[in-house]
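Q: this one's sequence-less:
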């Protein structure tokens, strides 16, 4: 069979021969595959499946989906095995555990029905429906909307429609019973223009100002924004929260006043643990009452016995000064987000390093210092220094001993005050023991 377009292939994939094919592929594959280990198995299946009479386009789509489901476990756990993805859709989808947090925020705010505007493949809509909320999911791209429909097919309270969110009548949504909005503006140009990031919030679709204005009609609103957004562009009476997962910055979200959070900024730091995901929230004290407040400047001082690298959510939210005040720490340079003191406790807000040596930021001096500690490997970090970390890593390889048991060292290429320096350190775990990253 020859298919006319991608949407027709996807339509077949979620019914009839497609379902049967996906089931066969799953049966052929061993359990516990990763993205890397799965590919050889998937490659060998192509010819075998063609001999069973399946159309080449359908086989290609099914193998691609199977690969994306394996990849999707990192975001959705075992639930990914039954979900539908496009490559771009998976990349842009909200992680399952974060989508659950979004849903919980709407439930706590008293919402009953959420319009998910720019729903993508439906990851947030799925969490909203699982939380018992009614869902009106809106997506401009028809194929992506079809994927979202497949992912929401088990939830009778959710429906998907194809529409341009910028042309929606918010009054009509309210009249239809929607009492909350989740807005994920498109922040990239189209494929024809290279799919480039758009940095101006007023060039997003919808523009940030339009999304904010919708709160005048439907009070409960949450808006995804670029994590690097300028604080001065944020609505002062709203709450902005940056979220990281295991040290990776994954999103920034604006909450309208009706969502129940105080005006200001915060960092939500999420860490994986044996018992599940642990959440911690740090309020930026300098922004209490004003989401758009300028970031407070932390004090600057001399390098202590310990150096910390704050979590990126803390940095982006402007919470460095709050951390410094709470723990008696200070910056090593005015614009460099490394905090230091002679003693600092283990905390979810940062990674700690024991300072071992400080030398000029010159290769010869760094190599000489490294040989004194005899590390087996070295990690390079930089802030405030114009160096190529990859080239530096290769240049320092000659200072490492392959049979050494000296463990890993981390070299910070940065500034102390106004002077460029290399700080040689050992990473510490929560118990204060030296460890590797």
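A: Noted; the coordinates are in hand. These figures come from a predicted structure and were not determined experimentally.

Q: Which stretches in the stretch 151-300 of the chain count as helices?
A: 170-175, 208-213 (DSSP state H, counting those that start in this stretch).

Q: now these in JSON lines, with mean neighbour count and distance to residue 49?
A: (Each C-beta comes from the backbone N, C-alpha and C, glycine too.) Output for those, formatted as JSON lines (neighbours: other CB atoms under 10 Å; distance: least, CB to CB, whole Å):
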{"stretch": "helix 170-175", "mean neighbour count": "14", "distance to residue 49": "44"}
{"stretch": "helix 208-213", "mean neighbour count": "18", "distance to residue 49": "45"}
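
Q: can you put these in a markdown table and add distance to residue 376 and mean pLDDT?
A: Putting the helices of the stretch 151-300 of the chain into a markdown table (distance: least, CB to CB, whole Å; pLDDT from 0 to 100) gives the following:
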| stretch | distance to residue 376 | mean pLDDT |
| --- | --- | --- |
| helix 170-175 | 60 | 97 |
| helix 208-213 | 48 | 97 |
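
Q: could you dump these to CSV with distance to residue 117?
A: Shown next, in CSV, are those (distance: least, CB to CB, whole Å):
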stretch, distance to residue 117
helix 170-175, 9
helix 208-213, 8
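
Q: Of these, which is nearest residue 253?
A: When these are compared by CB to CB, helix 208-213 sits nearest residue 253, at 11.8 Å.

Q: who wins for proximity to residue 307 among the helices of the stretch 151-300 of the chain?
A: For residue 307, the closest of the helices of the stretch 151-300 of the chain is helix 208-213, at 36.5 Å, according to CB to CB.

Q: For burial, what's the neighbour tally of residue 237?
A: Counted with other CB atoms under 10 Å, residues neighbouring residue 237 total 15.

Q: So the residue nearest to it when sequence neighbours are not counted versus residue 287, what's the distance?
A: Distance criterion CB to CB, 6 or more residues apart in numbering; nearest residue to residue 237, sequence neighbours excluded, is residue 263 at 4.9 Å. Using CB to CB, to the nearest Å, residue 263 is found at 8 Å from residue 287.

Q: Those two - which one has more neighbours?
A: Ranked by neighbour count (other CB under 10 Å), residue 263 and residue 287 place residue 287 first, with 27 against 20.

Q: For the more buried one, list the residues it contacts.
A: The contact partners of residue 287, by CB atoms under 8 Å, 6 or more residues apart in numbering, come to 231, 264-265, 293, 295, 318.

Q: State the pLDDT value of it.
A: pLDDT recorded at residue 287 is 96.

Q: can you tell me how far it sits from residue 108?
A: Residue 287 is 22 Å from residue 108, by CB to CB.

Q: same thing with residue 285?
A: 23 Å.

Q: Next: residue 418.
A: With CB to CB as the criterion, residue 418 and residue 108 are 47 Å apart.

Q: neighbour count winner among those two?
A: residue 108 (11 against 7).

Q: Quick check: closest non-adjacent residue to that one.
A: The shortest distance from residue 108 to any non-neighbouring residue, by CB to CB, 6+ apart, is to residue 260 (6.6 Å).

Q: Quick check, the one you found in contact with residue 107.
A: No. Contact criterion CB atoms under 8 Å: residue 260 and residue 107 do not qualify, at 11.0 Å.

Q: The two: which is more packed in?
A: Using other CB under 10 Å as the criterion, residue 260 and residue 107 rank with residue 107 on top: 16 against 13.

Q: ok, now which ones touch the more buried one?
A: Shown in contact with residue 107 (CB under 8 Å, 6+ apart): 131-133.
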